[in-house]
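In: this one's structure only:
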Ligand SMILES: [Zn+2]
Ligand SMILES: [Zn+2]
């Protein structure tokens, strides 16, 4: 049990360790550090690339090579704790909670988080129209142009 990682992340680390155990998942420094790096106090969850995650976990005192970061992300994705958002030339990763959707700018690759409440009713009616039953985790990614790239006329 990597007590030092958990200690380093304080309350967040303890909460992450508990979450992993709830999934009957082994608690490793890599998993705790990656989830810790994706956890923010504010309500907008960050979405980081594998490279950014490597830097962020190093900041937390855990050095992970890129292969380990990817392996850890794959595992956390399989557990439903993390999701990937495909961008123009890269992939960003974020936490599944709180539930949210994404808006990605095709020009500058900015990623905006859209809260679930803003879209859920629309997604539900769109699914009803298409006679489609959405899965329990339904995230929508909108592609387009952000306000900074195309200021309103
Ligand atoms: Zn996300
Ligand atoms: Zn943009």
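Out: Nice, I can see it. What you are looking at is a predicted structure, and each value in this text was computed from that prediction instead of being measured. Ligands and ions are numbered 1, 2, ... in the order given.

In: Helix or strand: which one has the residue positioned nearest the centre of the chain?
Out: Closest to where the C-alpha atoms of the chain average out (Cα atoms, centre = their mean) is residue 94, at 0.8 Å. In the assignment (DSSP states H and E), residue 94 maps to strand 91-95.

In: what domains does the record give for this structure?
Out: What automatic domain parsing lists as the domains of the chain is 1-97, 99-153.

In: Average pLDDT for the first one, rounded please.
Out: When you say that, I think you mean domain 1-97. What domain 1-97 shows for mean pLDDT is 88.

In: Centre of the chain to it, how far?
Out: Offset of domain 1-97 from its chain centre (Cα atoms, centre = their mean, to the nearest Å): 9 Å.

In: right, quick check: it against ligand 2, any contact?
Out: No - judged by Cβ under 5 Å from the ion, domain 1-97 makes no contact with ligand 2; its nearest approach is 10.7 Å. (Glycine included, C-beta is placed from N, CA and C.)

In: With the last one instead?
Out: Yes - contact between domain 99-153 and ligand 2 is present through 105, 107-108, 110, 146, 149 (criterion: Cβ under 5 Å from the ion).

In: Next, residue 143: phi, psi?
Out: Main-chain dihedrals, residue 143, degrees, to the nearest 10: phi -110, psi 150.

In: what's near enough to touch it?
Out: Counting by Cβ atoms under 8 Å, 6 or more residues apart in numbering, residue 143 touches 103-104, 106.

In: redo that, cut-off 10 Å
Out: Contacts for residue 143 were tallied using Cβ atoms under 10 Å, 6 or more residues apart in numbering; they are 86-88, 102-106.

In: Could you export those as TSV, including neighbour count and secondary structure?
Out: Formatted as TSV, the contacts of residue 143 follow (neighbours: other Cβ atoms under 10 Å; DSSP: H, G, I helix; E, B strand; the rest coil):
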residue	neighbour count	secondary structure
86	11	strand
87	19	coil
88	11	coil
102	19	strand
103	17	strand
104	20	strand
105	20	strand
106	13	coil
